[in-house]
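A.B. asks: When you get a sec, could you give me coordinates for this:
(2 chains)
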Amino acid sequence: MTGIYLDNAATTPLSQEVADAMAPFLGDRWGNASSVHRRGVAAREAIDRARAQVARSVGASPGRVIFTGSGTEANNLALLGIMRAAGESAKRVLVGPTEHASVRAAAHALGEEGFEIHTGKLDDAGQLDLQELTDAADERVGLAAQMLVSNEFGSIYPTAQVARIVKSKAAHAWVHVDAIQALGKVSLSMLELGADSLALSAHKIHGPQGVGALVLARDVQIRPLVFGGGQENGHRSGTENLPAIVGFGCAAQLANERRAATIELLSAHRQTLRLGLQAIDGLRVLEAADETAQQPGILSLLVPGAPAEVWLHHLDASGVTVSVGSACQASKQEISPVLLAAGLDGKSARQVLRLSIGDQTTNTDIRTTLQVFESIARELAHL
Amino acid sequence: MTTQSSTPSTTQAPEMVLIRYGELALKGKNRPSFENALVRNIRSATKNITKVHVENKRGRLAVFAEERVAELAVRLQDVAGIKTVSPAWGCESTKEAIAEKALLVMREVLREYPVEHNLSFRVRSSRADKSFPLLSTELDRHVADQILPQLGDFRIDLKNADLVLGIEVRPERSYVFVKRLPGPGGLPVGTLGRGMCLISGGIDSPVAAYLSMKRGCQVSFITFHSYPYIGEASKKKVLDLVRQLSRYQPTSRVFVVPFTEIQTTIRDKAPEAYRTVLYRRFMQRLASRLAYRDKCKALITGESLGQVASQTIENITCIEAAAELPVIRPLITYDKEDAIELAEKIGTLQLSNLPEPDCCTVFMPNRPIIHGRVEVCEAAEAEFDVQGLMDRALEGVERYDIESEV
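C.D. replies: As a prediction, the model looks like this:
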């Protein structure tokens, strides 16, 4: 499968460096990191190295990195783990308005356990409604979850402000930040983000699928979701996925080292794409109000006429891979608040395409993509 | 999956599965060919479970295996032509061995009736070995006398017993069983020739295919794919449905016909209200052509009277006029909920409910015609090159041969 891949927010190709780093652990350096013989200790060392690499990429202490099976598991572990370990007074969970399903569904599960769940709002400009948050926060809050980068629009949300507001009302509340779409494209310092826990995923940064991490601030307590042999400091039992963890460490280090160059490249591509698409009759690029708060890899687009899925398949047939906005899946009836804030109704929410650029994207890719869009716009014009 | 346990640690596992077939037995001179088809289908249905020996001797079918016999019994409940199956335990052909085994089997079966008391019970023996020293009724009485005192609270009821302990006495070995698990009934797949089912990914067409299989039809499938107006996932959905339906017949052939050019032509040149009817007329024509190629003698559809606009009597008439073979519509009088119930039972409902669009949703008219007229269809089709469209579609046909994964 060749062509132009503009769905990097869904997953990214494994980089050669990462594959090379993983290869020995799929080969003769196999081992169980819990074993005390030399093979086991070597596996343990490799995992610890990866732990340090991931910790460095977000300014955390290595001992507070918990490897999980996915970003979804990291978000679940944060919400369920923190609230189940919190004291009696922690009754309330604040959920950001645009959280990923893995946060919303975990919050829903907490609701079934008796916790009170409050979902925040966006204002008319598509920004977090911080006044609403101020009103909603009180001393019973145990946890607030606020994503850093919207997976739909790429908007960057002010998590530090959220943390200040929440902690001014509830001194013992923790703030969880889903940074899965941010890693490698936004500067990540847990301290600056005001994050007490941070969810990460390897396959969004040219690492392998099947591994994520929850990174905790020094004093956060959590209760595990998986019990057993006590791996990951008792936070996540089960034999570690050695090759994937090694790959994650390598990918996190590379993403961090290359971040400035990646941002520059993606921003340039995004700008070309944005201008080119807007010049095509009927297409409308959806923008957050504030240009500066934008992860440069993601661009959302309103297409005219045919449903976004028809556009997707036409693009796909011409070798350009994109995805449809989450609201386009017929199984999900609800419209994302991000789209509502952008002034879209139920019908136009089904007209949203998401293009996500990667650092393997070339100038030629962008030019070709624009040409393909032009010809498809002509083809689908009279639908 | 099964209420039976084949774990040797809890009890001895059954040794074979006894098979009873219904209508099949009535088919006179055709009987051997029907039986052979059934045996073939049994072998095919069980090949992913374990190696089996199918015995077809003296008017009864039995499936023997070294392991996983209880699982075989459950799997055989899917094989058309089978009326009931019984997992059975074997023993030496002596009255003592039979009574001993009967006690064991009863104890095993009773585990599934936790605290229920006052069950009624009878023994029913049959002797293929007429040299056995006891008559059937004598053996019934002997076994009942031996085991009842050890089982407790039972009463004998010869007419409507809750549990009927069956005993089959044969010279080489005898078999004891209690359960009679229902099969689908009907006729073995393949004994009534081949049919071509038009399948869309919805709920009805897989059910129509299943019902046709159950009546002895080997079903091939044709589906229409309008890439890139609908995606590859829609094609995969149909193939997954056929894979699920392949539980019920040995292999399934699927033809995927490219349909985009036909649909865009109809969109551009025909009256909007007639789009759906005209799509369907092309589908009937294409299905008829592929049916000839695949030696199918009928078309099968999931149509149900009045369910959607294209399924009025007038529209069905318009659509059928383009078919070159008889059209079998197993669901024609079904209510939707009955089709849904059956889809659930045969395991296709969940797949059908996946929200993938099918080609019928492409360029859907705002106000579809309700009472279509054949002349209007024919006049519309006179505006475009029907033969050319057909030829190009048939050139692009992809063929898949799909086997069950269970």
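A.B. asks: three-state assignment of B:Met196?
C.D. replies: The three-state label given to B:Met196 by DSSP: H, G, I helix; E, B strand; the rest coil is strand.
A.B. asks: What strand or helix carries residue 175?
C.D. replies: Looking at chain A here, since you left the chain open. Per DSSP states H and E, A:Val175 falls inside strand A:174-178.
A.B. asks: Let me rephrase: I mean chain B.
C.D. replies: Here B:Tyr175 is assigned to strand B:174-177, by DSSP H and E.
A.B. asks: B:Arg122 too?
C.D. replies: strand B:119-127.
A.B. asks: For that strand, which helices and strands make contact with it?
C.D. replies: If you count contacts as 3 or more CB pairs under 8 Å, 6 or more residues apart in numbering or on different chains; DSSP states H and E, strand B:119-127 packs onto helix B:136-151, strand B:154-156, strand B:163-169. C-beta: built from backbone N, CA, C; applies to glycine.
A.B. asks: Let me see the ranges of the strands in the stretch 251-400 of chain B.
C.D. replies: Applying DSSP state E, counting those that start in this stretch to the stretch 251-400 of chain B gives strands spanning B:251-258, B:299-300, B:327-328, B:398-403.
A.B. asks: of all those, which lies closest to B:Glu66?
C.D. replies: Nearest of the strands of the stretch 251-400 of chain B to B:Glu66, taken as CB to CB: strand B:398-403 at 23.4 Å.
A.B. asks: ok so, going back, partners of the strand holding B:Arg122 in the sheet?
C.D. replies: Here strand B:119-127 is paired, per DSSP bridges, with strand B:154-156 (parallel), strand B:163-169 (parallel).
A.B. asks: Same list, those strands, but as CSV with mean pLDDT and mean neighbour count please.
C.D. replies: Shown next, in CSV, are the strands paired with strand B:119-127 (pLDDT from 0 to 100; neighbours: other CB atoms under 10 Å in any protein chain shown):
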stretch, mean pLDDT, mean neighbour count
strand B:154-156, 79, 15
strand B:163-169, 93, 21
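A.B. asks: A:Leu94 touches A:Ala145, doesn't it?
C.D. replies: Yes: taking contacts as CB atoms under 8 Å, A:Leu94 lies within contact range of A:Ala145: 7.1 Å.
A.B. asks: The top helix by length along chain B: which residues count as buried?
C.D. replies: As assigned by DSSP state H, the longest helix anywhere in chain B is helix B:275-293. By neighbour count on 16 or more other CB atoms under 10 Å in any protein chain shown, the buried set for helix B:275-293 is B:275-291.
A.B. asks: list the contacts for A:Ala251?
C.D. replies: Applying CB atoms under 8 Å, 6 or more residues apart in numbering or on different chains, we find A:Ala251 in contact with A:15, A:18, A:202, A:205-208.
A.B. asks: Distance to A:Val338 and pLDDT added to those, as JSON lines?
C.D. replies: What follows is the contacts of A:Ala251, written out as JSON lines (distance: CB to CB, whole Å; pLDDT from 0 to 100):
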{"residue": "A:Ser15", "distance to A:Val338": "30", "pLDDT": "97"}
{"residue": "A:Val18", "distance to A:Val338": "31", "pLDDT": "98"}
{"residue": "A:Ala202", "distance to A:Val338": "25", "pLDDT": "98"}
{"residue": "A:Ile205", "distance to A:Val338": "23", "pLDDT": "98"}
{"residue": "A:His206", "distance to A:Val338": "26", "pLDDT": "98"}
{"residue": "A:Gly207", "distance to A:Val338": "26", "pLDDT": "98"}
{"residue": "A:Pro208", "distance to A:Val338": "29", "pLDDT": "98"}
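A.B. asks: quick one on the thing from earlier: partners of the strand holding A:Val175, with directions?
C.D. replies: With DSSP bridges as the test, strand A:174-178 is paired with strand A:141-145 (parallel), strand A:197-201 (parallel).
A.B. asks: and the helix or strand just after the first one with strand A:197-201, angle?
C.D. replies: Read that as strand A:141-145. Remark: after strand A:141-145, the chain's next helix or strand is helix A:159-169, criterion DSSP H and E. On the basis of axes from the mean of the first three to the mean of the last three CA atoms, to 10 degrees, helix A:159-169 is oriented at 150 degrees to strand A:197-201.
A.B. asks: Which secondary structure state does residue 227 sit in?
C.D. replies: In the absence of a named chain, chain A is used. coil.
A.B. asks: What residue, apart from its backbone neighbours, is nearest it spatially?
C.D. replies: Nearest residue to A:Phe227, sequence neighbours excluded (CB to CB, 6 or more residues apart in numbering or on different chains): A:Ser237, at 5.6 Å.
A.B. asks: Check the gap between the one you found and A:Ala60 for me.
C.D. replies: 22 Å (CB to CB, to the nearest Å).
A.B. asks: Over to A:Asn76?
C.D. replies: Applying CB to CB, the value for A:Asn76 to A:Ala60 is 19 Å.
A.B. asks: The two: who's more crowded?
C.D. replies: A:Ala60 (24 against 20; other CB atoms under 10 Å in any protein chain shown).
A.B. asks: Let me know whether that one touches A:Val220 as I believe.
C.D. replies: No: counting by CB under 8 Å, A:Val220 is not a contact partner of A:Ala60; they are 11.0 Å apart.
A.B. asks: The stretch 201-350 of chain A: helices as residue ranges?
C.D. replies: In the stretch 201-350 of chain A, the segments counted as helices under DSSP state H, counting those that start in this stretch are A:242-257, A:259-278, A:308-317, A:337-341.
A.B. asks: Which residue, neighbours along the chain excluded, lies closest to B:Ile332?
C.D. replies: Nearest residue to B:Ile332, sequence neighbours excluded (CB to CB, 6+ apart): B:Leu305, at 5.6 Å.
A.B. asks: B:Lys83 now?
C.D. replies: Once flanking residues are discounted, B:Lys83 sits nearest to B:Gly22: 3.9 Å by CB to CB, 6+ apart.
A.B. asks: what about B:Val362, neighbour count?
C.D. replies: 21.
A.B. asks: OK, contacts around it?
C.D. replies: B:226, B:229-230, B:263.
A.B. asks: Give me the most central residue, chain B.
C.D. replies: Chain B has B:Tyr248 as the residue nearest its centroid, 4.0 Å off, counting by CA atoms, centre = their mean.
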